[in-house]
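Q: Sequence first, predicted model second:
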Protein chains: 2
Amino acid sequence: MDDTYQQSLALHKKHRGKIEVTNKVPLTTRAELSLAYTPGVAEISREIGRNASLAYEYTIKGNTVAVVSDGSAILGLGNLGAHAAIPVMEGKAAIFREFAGIDAFPICVNTQDVEEIIALVKNIAPVFGAVNLEDISAPRCFEIEARLRAELPIPVMHDDQHGTAVVVLAGLINALKLRGSNKEEVRVVFSGAGAAGTAITKILLAYGFKHIIVCDSVGAVFEGRPGLNDEKQALAKITNIERKSGALAEVLQGADIFIGVSKGGLLTSEMVHTMADKPIIFALANPIPEIMPDIAIVAGAFVVATGRSDFPNQINNSLAYPGIFRGALDNRISQFTEEMFIRAAESLAGYVKSPMPDQVLPSMFDKGVVEAVKNTIHD
Amino acid sequence: MDDTYQQSLALHKKHRGKIEVTNKVPLTTRAELSLAYTPGVAEISREIGRNASLAYEYTIKGNTVAVVSDGSAILGLGNLGAHAAIPVMEGKAAIFREFAGIDAFPICVNTQDVEEIIALVKNIAPVFGAVNLEDISAPRCFEIEARLRAELPIPVMHDDQHGTAVVVLAGLINALKLRGSNKEEVRVVFSGAGAAGTAITKILLAYGFKHIIVCDSVGAVFEGRPGLNDEKQALAKITNIERKSGALAEVLQGADIFIGVSKGGLLTSEMVHTMADKPIIFALANPIPEIMPDIAIVAGAFVVATGRSDFPNQINNSLAYPGIFRGALDNRISQFTEEMFIRAAESLAGYVKSPMPDQVLPSMFDKGVVEAVKNTIHD
């Protein structure tokens, strides 16, 4: 990893970042300038002044996404602040360009006050056709996303939640097909009740999964457990119908599926042995998964997925968000819905013509993926 | 003009805006992605997390300018709001790219509340190396600029004020040289006490002009005139030492220089005739100047400048701001000062090797202009 870090430092230093703002129109003569700027541009402003929606026709708005972070939960690194978020949001913008032809720009905000962030994103929205929230810590991310979705006329998505959820659901659809299991019958246990865990839980329930228990660092979340915050109380209401209590190791016994969005190394071989036959293990902690894939396989796992590119079945948001935002812009939706995310997951799963236990998802470098996802994002 | 408008509409519609966000690094393989994004980017975030100023080394910050407007005073069109500001701010960003190699991005804010705008610009500042305020109405622009200059660690400039002021001073320096006049002795009368008028007045005073009277739509601004707002009271304190009152036509009698930043057509031949011999006329209202150049010349004007590209001596901010911001970024100044603006004006004036009455300024297409201005912007 040290080598990757050194190369990455050298790359960033050489280019001073990864994106740039370039021109789509020529500006080398007075005549060209008089069309792109004054006096010609006055007519564009007058037209948009009369009808704001013409910004979609005459400006970058229709192809532009704000990548917004407050740096409170950067990758797996924690709360490093707005400046440290810049290279990650630039990277995200670069992926938007490369994979989906989208103009994205990093908005790294120097406040972690929920109300200030909401007001700010609403105020800068005119230039953007959609908003990608990123690396904002739970539970703040839930309120910021919900409020912006309710109060903005353009689609808003917190990628750490829904991008991850779409890719996990896609992987599970193929894993269940291979295992011959039924979504209504399998028992799913989560380790991690943060942004990703909550969003994956919700999409699985919406898709038809019935038996889900979410564990946080204390153990199973259940209705009535003392000290739950609002978000976990809401989670308790919709999961764990038997109100099981106990540590992860206890509630995991007999489960068909483990989904880890928590901490590296906390799933042991012994715990895998106590699960149902041919368990499905999605160990998504980064950079070190809850269990290493080879160990999980030896312990009997049927399908293993991680966030890593050096093992099979990489759960990578990049499979989802370029297509999701491409579709949102092209089809000019006003807001994302759970139905769109489910369709996107089904399309991603269906894109793998012959799924195998070590290939439940397509590669993000497959040029057809963005197209397949984009077509599912419509009203 | 209708033809220009139609061509401009067609250009904007065809390209859906004028700028785009593109990539400086390749992203076509997993290895490249692992340097530009995870896992490699984690190291960049950690480094910047420890020392925020490293954002200048590893991200776009060091070459990136926010072009911020609330759409309250778009060109000469008035208060058309944030969406109508987008095409103008995009045009500005495109000029930054073409003339100075700067990455600029339009921030068009959906609020006209001074405190909200100040808070917002402060909060989005991490990604930017400098802030260009644009098309914000007076007197709000004065407080927004002053507060941001005081409260942000990066340089902030309201271009409608200082960009214009720099170019006007440059033009006047050469016009006075040709006329053989002394800055301390000439009498200057302004029509217009808004953002541009105020900023030009201040730079002329700082440069050494002594006799300035500013008129608003009521007439001469003088200390003690009833009903002056705070900004005009401040202006009254530093100008019009003889406390002259009266309409523009009265105070203009015998003046050497007229500077119009007001409304088209309000300067008549008769008024020019009452001025001193060989008067200098800067009629900067757009698109129709206070007096048309040919009429002013017939009335005896020695040097005439306007904002228009179809007459000699165009006073165009584009002569100043690309170089000013290029210098601000390259020399990493923390704030702009009046001294820098004066140096920039002197350099612009000196760039014209043989000034003539119909050529007191260089062309913005002259490649050396940015370089000449940029070298003056340092601590």
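A: Cool, the structure landed. Numbers count the residues shown, from 1 in each chain, chains lettered A, B, ... in the order given.
Q: ok, now which ones touch the residue in the stretch 151-300 of chain A that chain B sits nearest to?
A: Proximity to chain B, evaluated over the stretch 151-300 of chain A using CB to the nearest CB, is greatest for A:Pro287 at 5.6 Å. C-betas here are computed from N, CA, C, even on glycine. Going by CB atoms under 8 Å, 6 or more residues apart in numbering or on different chains, A:Pro287 touches A:Met1, A:Gly76, A:Gly264, A:Gly307, A:Arg308, B:Pro39, B:Ala42.
Q: check contacts around the last one.
A: Pointing back at B:Ala42 there. Neighbouring residues of B:Ala42 by CB under 8 Å, 6+ apart: A:Tyr5, A:Leu75, A:Gly76, A:Leu77, A:Pro287.
Q: Going by neighbour count, list what's buried in whatever helix or strand A:Asp294 lives in.
A: Assigned by DSSP states H and E, A:Asp294 belongs to helix A:293-298. By 16 or more other CB atoms under 10 Å in any protein chain shown, the buried positions in helix A:293-298 come out as A:Pro293, A:Ile295, A:Ala296, A:Ile297.
Q: From the residues you listed, pick the one nearest A:Leu9.
A: Nearest to A:Leu9, judged by CB to CB, of those is A:Pro293 at 28.7 Å.
Q: In contact with the closest one: list those residues for me.
A: A:Ala283, A:Val304, A:Thr306, A:Phe311, A:Pro312 are the contacts of A:Pro293 under CB under 8 Å, 6+ apart.
Q: Looking at these, which has the smallest pLDDT value?
A: The member of the contacts of A:Pro293 with the lowest pLDDT is A:Phe311, at 92.
Q: can you confirm that residue is in a strand?
A: No - assignment of A:Phe311 by DSSP: H, G, I helix; E, B strand; the rest coil gives coil, placing it outside any strand.
Q: Please, which helix or strand holds the residue nearest to A:Pro153 when sequence neighbours are not counted?
A: Spatial nearest neighbour of A:Pro153, chain neighbours left out: A:Ser334 (6.0 Å); criterion: CB to CB, 6 or more residues apart in numbering or on different chains. Counting by DSSP H and E, no helix or strand carries A:Ser334.
Q: how close does A:Gly17 get to A:Ala84?
A: 14 Å (CB to CB, to the nearest Å).
Q: returning to what we had before: tell me the spacing between the residue nearest to A:Pro153 and A:Ile117.
A: 21 Å.
Q: If you count surrounding residues, which of those two has more?
A: A:Ile117 (26 against 11; other CB atoms under 10 Å in any protein chain shown).
Q: and the more buried one, what element?
A: Using DSSP H and E, A:Ile117 falls within helix A:114-124.
Q: Equivalent analysis for A:Val21, please.
A: strand A:19-23.
Q: Leaving out the residues flanking it, which one is nearest to A:Arg243?
A: A:Phe222 is the one closest to A:Arg243 (CB to CB, 6+ apart), at 4.5 Å.
Q: just checking, that neighbour is part of a strand?
A: No - counting by three-state DSSP, A:Phe222 falls outside a strand, being coil.
Q: With only the CA atoms kept, save the longest helix seen in chain A in PDB.
A: As assigned by DSSP state H, the longest helix anywhere in chain A is helix A:159-179. Output of helix A:159-179 as PDB, limited to C-alpha atoms (Å, rounded to 0.1, in the frame of the first residue of the first chain):
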ATOM      1  CA  ASP A 159     -24.000   8.100  -2.500                       C
ATOM      2  CA  ASP A 160     -22.500   6.400   0.600                       C
ATOM      3  CA  GLN A 161     -26.100   5.300   1.300                       C
ATOM      4  CA  HIS A 162     -27.800   4.600  -2.000                       C
ATOM      5  CA  GLY A 163     -24.900   4.000  -4.300                       C
ATOM      6  CA  THR A 164     -23.700   1.300  -2.000                       C
ATOM      7  CA  ALA A 165     -27.200  -0.100  -1.500                       C
ATOM      8  CA  VAL A 166     -27.800  -0.500  -5.200                       C
ATOM      9  CA  VAL A 167     -24.600  -2.400  -5.800                       C
ATOM     10  CA  VAL A 168     -25.100  -4.600  -2.700                       C
ATOM     11  CA  LEU A 169     -28.700  -5.500  -3.800                       C
ATOM     12  CA  ALA A 170     -27.400  -6.300  -7.300                       C
ATOM     13  CA  GLY A 171     -24.800  -8.600  -5.900                       C
ATOM     14  CA  LEU A 172     -27.300 -10.300  -3.600                       C
ATOM     15  CA  ILE A 173     -29.800 -10.800  -6.400                       C
ATOM     16  CA  ASN A 174     -27.300 -12.900  -8.300                       C
ATOM     17  CA  ALA A 175     -25.900 -14.600  -5.200                       C
ATOM     18  CA  LEU A 176     -29.400 -15.700  -4.200                       C
ATOM     19  CA  LYS A 177     -30.100 -16.900  -7.700                       C
ATOM     20  CA  LEU A 178     -26.900 -19.100  -7.700                       C
ATOM     21  CA  ARG A 179     -27.800 -20.400  -4.200                       C
END
